[in-house]
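Visitor: how does the following fold in three dimensions:
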Amino acid sequence: MQDKLKKLLEAYEELEKKLVDPEVVSDPKEYARLAKEHASQSELAGRAYEYLGALDDIEAAKEMQRETTDPDEKAMLQDEIAENEAKLPALEEDIKFMLIPSDPNDEKDTIVEIRGAAGGDEAAIFAGDLFKMYERFAVARGWKIDVLSSSPSEAGGFKTIEFKVTGKKVYSVMKYESGVHRVQRVPKTESQGRIQTSTATVAVLPEADEIDIQIAAEDLRIDTYCASGPGGQGVNTTYSAVRITHLPTSTVVQSQDQRSQIQNREVCMQMLRARLFEMELEKRQAEQGATRLSQIGHGNRSEKIRTYNQPQDRVTDHRIGFNGTYNGVLLGDTLQSVIDALAAADRAERLAAAV
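Guide: This next block holds a predicted model:
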C-alpha cells in the first residue's frame, strides 16, 4: 500500500502544480476541470499523508530506540510507537474505501422525475407526497429545488413532476431513490376505510451538460403550444409551452411551467440531455455485463425498492431490509438514515467486488 499511496501523492502534488500554472489558470474550462479533480482527491490525499506520516514516525521512533540507552526514553518512544500503530488500522480502512473507484457522476446535480403509476388518483397523491418528502429533505441539506415541468392531478398531487436539485454532491445521495415506491394506506377518497396499494416511479438522472452530451440540431423536432393551467396572463394566449422530440431515440420532453418560450426550451434541453446521458450510461454498463453498476445504488424503474405502510407506521427498503417509521421517512426527517444505510451497503459491496 505504501508504494501505491506514494504514487498517488506524487500525482496529487503534480495536480497542485498545474493549478498554479499560468497557462492553466488562463483556461477557465481546464482550470475548473483540474480544480474539481483536485477537490475530489483532497480527502484521500489527506489520509494518505497521515498514514505515511504515521509509518515514518514509527520508523523514526524505532531508530531512536536502538540508539538510546536511557530506559525512560525507550519507554516514551515505545508509547509513541504504540500510539501511531493504533492509528493505522482505521486509516487503512478509510483509504481502502476511498480507493474504490467512485461514480464519476456523484458530484453532479440531478433531474428527478416522479410519475404516478398504479392506483389512479391515489398514485398521483402519493407522487405529490414523495415530491414534498424530497423538497423537505433538500431544504434540510441546503439544496435548491426548481420545478421544471409538472402535470397536476385534479385529486391532488401530480400525474408527473420533474424537478432539478442543485447542491453539493446531490447525485451521490439522490441516486439511491431511483425505482418503484409503493404505498399502503387508506386513501382520502376511500369512504369504506379500505387499505389501497398504489405506486409511483422515481427516476434520478445526473444532470448532463453540453460537454457530456452533444445533440445535433437536425436530430430535434421542436413544437410550441399554448400552456394550460396556472401561469398568468400568457396562459392559453401565447405559444410559450415547448415540446422537443429527439428523433433518433424518440425521446420526448416538454415544459410549460416557465414564464417564456425561451425558458421552457432551455428546461426541455436540460431534461433531454439528462435522459440521453442516462441512456448512454446504461448502454456502457450493459456492455460491461450489467445494466446497473450496483442494484443497491441504481434501482431499476421496474424494481420495487421501498414500501410505505401507513397502518403499521413502517417504511421498508427492500434492497437492504431497512425499516423506518412512516411519518419519519415520508416527512423527510429520517430519509437520511435510510440513504446512509444504502450507501454503507453499496460501499461494502463495491469493496468486496474490488477485493
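
Visitor: most distant residue from the centre of this structure?
Guide: Here the centre of the chain is the reference, and by CA atoms, centre = their mean the most remote residue is Thr69, at 57.8 Å.

Visitor: quick one: the longest strand seen in the chain to chain centroid distance?
Guide: Scanning the chain for the longest strand, with DSSP state E as the assignment, gives strand 196-206. Here strand 196-206 is found 16 Å from its chain centre; the criterion is CA atoms, centre = their mean, to the nearest Å.

Visitor: what separation do you get for Met98 and Arg275?
Guide: As judged by CB to CB, to the nearest Å, Met98 and Arg275 stand 31 Å apart. Just so you know, the C-beta spots here come from the backbone N, C-alpha and C atoms, and that holds for glycine as well.

Visitor: kindly report the same for Thr334.
Guide: 31 Å.

Visitor: low-confidence bits of the chain, can you list those?
Guide: 189, 191, 209-212, 228-238, 284-303, 353-355 (pLDDT under 70).

Visitor: all strands of it, in order?
Guide: Using DSSP E, the strands of the chain run over 110-116, 144-152, 158-166, 179-185, 196-206, 220-225, 241-246, 251-255, 304-309, 314-317, 322-324.

Visitor: before we move on, the earlier item: comparing Thr334 and Arg275, which shows the higher neighbour count?
Guide: The residue with more neighbours, out of Thr334 and Arg275 and counting by other CB atoms under 10 Å, is Arg275; that gives 21 against 16.

Visitor: which residues does that one contact?
Guide: For Arg275, the residues meeting the contact criterion (CB atoms under 8 Å, 6 or more residues apart in numbering) are Leu205, Thr251, Val253.

Visitor: any quick PyMOL command for the buried ones out of those residues?
Guide: One line in PyMOL is enough to select the buried ones among the contacts of Arg275; burial here means 16 or more other CB atoms under 10 Å:
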select buried, resi 205+253
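
Visitor: export the contacts of Arg275 to TSV and tack on distance to Phe158?
Guide: Below are the contacts of Arg275 laid out as TSV (distance: CB to CB, whole Å):
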residue	distance to Phe158
Leu205	17
Thr251	21
Val253	16
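
Visitor: so which of the contacts of Arg275 comes closest to Ala140?
Guide: Leu205 (22.2 Å; CB to CB).

Visitor: tell me the bridge partners for that closest one.
Guide: In this structure, Leu205 has the following beta-bridge partners (DSSP bridges): Ile111.

Visitor: I'd say it and Phe277 touch.
Guide: Yes. Between Leu205 and Phe277 a contact is recorded at 7.0 Å, counting by CB atoms under 8 Å.
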